[in-house]
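Novice: Kindly generate the corresponding structure for this input.
(chains A and B)
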Amino acid sequence: MDATVMIAIFTMGGLGLIFSTLLVFADKKLRVEENPLIAKIAEILPNANCGACGFAGCHDFATKVVEVKAEPNGCPVGGKDLAFEISQILGIESKESVKKVARVLCRGDNKSAKKKSTMYIGPRECSVQAIISGGEKLCYYGCLGGGDCIAVCKFNAIFMSEDGLPMIIEENCTGCGLCAKACPRGIIEIHPIDRDVFVFCKSKDDPKRSKEVCLNACIGCGICARKSDGGIEMMDHLAIINYDKLDPSKIPFDKCSTKAIQLISNFDEKVLIEETVNSLTN
Amino acid sequence: MELIILFISAALINNFVLAYFLGICPFIGVSGKITSALSMGIAVTFVMTVTSIVSWLINYKILIPYNLTFLTIPSFILVIASLVQFVEMVIKKVSQPLYRALGIFLPLITTNCAILGLALFGAMREYSFIQNIIFALGAGSGFTLAIVLMAGIREELELANVPDAFRGAPITLIVAGILALAFMGFAGMI
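Specialist: Residues are numbered from 1 along each chain as shown, chains lettered A, B, ... in the order given. Okay, here's the model as predicted:
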């Protein structure tokens, strides 16, 4: 073999050997011991790194659970079962956590929301539409229909209905809140799954304009607020629910002329039907 | 005197980031906060200085005497990679929050073009041992200066009323461009 080849091999090999030996010694001196429980817990976490727990990722959550005693039920994705497993590993009792899901608080679909006379041609993403033109609908508070929420969802829990509104599939939704963050209009909120009463509108337009631009808008009449004993407050022509004081039996749902305030269970059926239609067509 | 000129030239006039556009990725990536930017600058300066020493030794004691100059890049990369690994260990040991703040950009120093660029410049321009170290110190402090300046401006930017479309990356790149423009003003100094 050519001498240069041998020299080259030995030079690189020798350099590699020297540096790796030095690193071995450095590693022995500088190793940081990690609690073995952290690795154990990190293993059973979903590892989607969605950040719904409020920490920087699944591994960070595991570290916080072990070291600063964060609640083991902090991971909404894993739910009860995971909280139980984590508390088994840590040897502590776990508290029950209520499943949370995303709710889309706008019902201005393609049928009920009026559109501008000009057409929007351009990127469909909501984030772009919101900055450039405010979308196709006359309402500046409602759903843009671009599907940013669907794009960020890691759990296939959102799909676009035929009428152009995002629909949440409760079984898949983990309440991680990525969709809520992605929505430039802030119409997606995370609520406990057993919460039933919602105002399905975010419009702060005055009554006249609300009525003009959308059939399902909250027009700010204030009837629900007057009957609710403080459970609902009117702010900027919009009914805001205070869930701590709310008594659903006092709310006159049938008096709401646009059906903006409603029980979500009233149109659960619609979601189910759409879901089956969707799965059949796919 | 010559060494001082070399230092100033590497730090200001031929600033690695703002005149040569080397090492842009940590410059944009870790310039969110002054403290982490400063630590990044120090880490890069340390790696640069030690790289310049070791790479000079390898170049003049091994590669050139044995006619192995075709091994320049792999052997320098080896030096840099080992050093970065070492720095990573030290930072992980000394300060966990800093380790997390630097994140992926710390191991990325391995392939940081500023550092390989420095080693290769040193070999190409045939600097002496002392010159090489001064050059590395100058380049390192130039990098630190640039990234800290950038972090300072970005901290102020958080309070500024930036138009929606410019938020985040666009305004950062514009600021970097203006900063580079300002550093061009040093060009006539020496």
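Novice: do you know how far the residue in the stretch 101-250 of chain A that chain B sits nearest to is from A:P123?
Specialist: Closest to chain B within the stretch 101-250 of chain A is A:I131: 5.1 Å, counting by CB to the nearest CB. Quick note: C-beta positions are derived from backbone N, CA and C, even for glycine. Per CB to CB, to the nearest Å, A:I131 is found 10 Å from A:P123.
Novice: The two: which is more packed in?
Specialist: Each of A:I131 and A:P123 has its neighbours counted (other CB atoms under 10 Å in any protein chain shown); A:I131 has more, 14 against 11.
Novice: Burial check on A:F159, number of neighbours?
Specialist: Neighbour count of A:F159, defined by other CB under 10 Å: 19.
Novice: A:E171 now?
Specialist: A total of 9 residues lie near A:E171 under the criterion other CB under 10 Å.
Novice: do the same with B:F7
Specialist: Around B:F7 there are 19 residues (other CB under 10 Å).
Novice: ditto for A:G164
Specialist: A:G164 has 18 nearby residues by other CB under 10 Å.
Novice: Just the pLDDT for it.
Specialist: We have a pLDDT of 85 for A:G164.
Novice: That one in helix, strand or coil?
Specialist: The assignment at A:G164 comes out as coil when based on DSSP: H, G, I helix; E, B strand; the rest coil.
Novice: quick one, phi psi at it?
Specialist: phi 90, psi 30 (degrees, to the nearest 10).
Novice: can I assume it is in contact with A:L144?
Specialist: No: when contacts are counted by CB atoms under 8 Å, A:G164 is not listed as touching A:L144 (9.5 Å).
Novice: Name the residue of chain B with the shortest distance to chain A.
Specialist: In chain B, the residue that lies nearest chain A is B:S82 (3.9 Å; CB to the nearest CB).
Novice: Over to that residue. Which of the three states is it?
Specialist: Quick answer, by three-state DSSP: B:S82 is helix.
Novice: Excluding sequence neighbours, find me the nearest residue to it.
Specialist: A:F19 (3.9 Å; CB to CB, 6 or more residues apart in numbering or on different chains).
Novice: secondary structure class for the one you found?
Specialist: Assigned with three-state DSSP, A:F19 falls in the helix class.
Novice: for the lowest-mean-pLDDT helix or strand in chain B, packing partners?
Specialist: Within chain B, no helix or strand scores below helix B:96-102, which has a mean of 76 by mean pLDDT, DSSP states H and E. Here helix B:96-102 touches helix B:34-57, helix B:72-94, going by 3 or more CB pairs under 8 Å, 6 or more residues apart in numbering or on different chains; DSSP states H and E.
Novice: list the buried ones in whichever helix or strand comes after it?
Specialist: Going down the chain from helix B:96-102, the next helix or strand is helix B:113-124, by DSSP states H and E. Neighbour-count burial for helix B:113-124, with 16 or more other CB atoms under 10 Å in any protein chain shown as criterion, is recorded at B:A114, B:I115, B:L116, B:G117, B:L118, B:A119, B:L120, B:F121, B:G122, B:A123.
Novice: which parts of the helix or strand following helix B:113-124 are buried?
Specialist: Remark: after helix B:113-124, the chain's next helix or strand is helix B:129-157, criterion DSSP H and E. By 16+ other CB under 10 Å, the buried positions in helix B:129-157 come out as B:131-151, B:153-154.
Novice: Quick one: mean pLDDT for the helix or strand where the residue of the stretch 101-250 of chain A closest to chain B lies?
Specialist: When elements are assigned from DSSP H and E, A:I131 belongs to helix A:126-132. Averaged across helix A:126-132, the pLDDT comes to 87.
Novice: cool, and stretch A:233-253?
Specialist: Averaged across stretch A:233-253, the pLDDT comes to 84.
Novice: Need the distance between the two termini of it.
Specialist: End-to-end distance for stretch A:233-253, by CA to CA, to the nearest Å: 15 Å.
Novice: got the buried residues for that stretch?
Specialist: A:H237, A:L238, A:A239, A:I241, A:L246, A:I251.
Novice: Check these and tell me the two furthest apart.
Specialist: Spatial extent of these (CB to CB) is set by the pair A:H237 and A:L246 at 19.9 Å.
Novice: returning to what we had before: pick the most buried one from the helices and strands packed on helix B:96-102.
Specialist: Mean neighbour counts were compared across those using mean count of other CB atoms under 10 Å in any protein chain shown; the top stretch is helix B:34-57, at a mean of 21.
Novice: Run the angle between that helix and helix B:129-157 for me.
Specialist: Using axes from the mean of the first three to the mean of the last three CA atoms, to 10 degrees, the direction of helix B:34-57 lies 160 degrees away from that of helix B:129-157.
Novice: Distance from the chain centre to helix B:34-57, please.
Specialist: Remark: helix B:34-57 is offset 7 Å from the chain centroid, using CA atoms, centre = their mean, to the nearest Å.
Novice: nearest to A:A56, of the buried residues of stretch A:233-253?
Specialist: For the buried residues of stretch A:233-253, the closest approach to A:A56 (CB to CB) belongs to A:I241, at 32.4 Å.
Novice: So what does the closest residue to that closest one other than its chain neighbours have for phi and psi?
Specialist: Nearest residue to A:I241, sequence neighbours excluded (CB to CB, 6+ apart): A:I232, at 5.5 Å. Main-chain dihedrals, A:I232, degrees, to the nearest 10: phi -130, psi 140.
Novice: Now do the same contact list for A:I232.
Specialist: A:V199, A:C224, A:A225, A:A239, A:I240, A:I241, A:N242, A:L246, A:I251, A:I261 (CB atoms under 8 Å, 6 or more residues apart in numbering or on different chains).
Novice: can I assume the third one is in contact with A:H237?
Specialist: No: distance between A:A225 and A:H237: 11.3 Å, which falls outside the contact criterion (CB under 8 Å).
Novice: Close to chain A: what parts of chain B are there?
Specialist: B:58, B:62-63, B:66-68, B:70-71, B:74-75, B:78-79, B:82, B:85-86, B:89-90, B:92-93, B:96, B:100, B:164-165 (CB under 8 Å from any CB of the partner chain).
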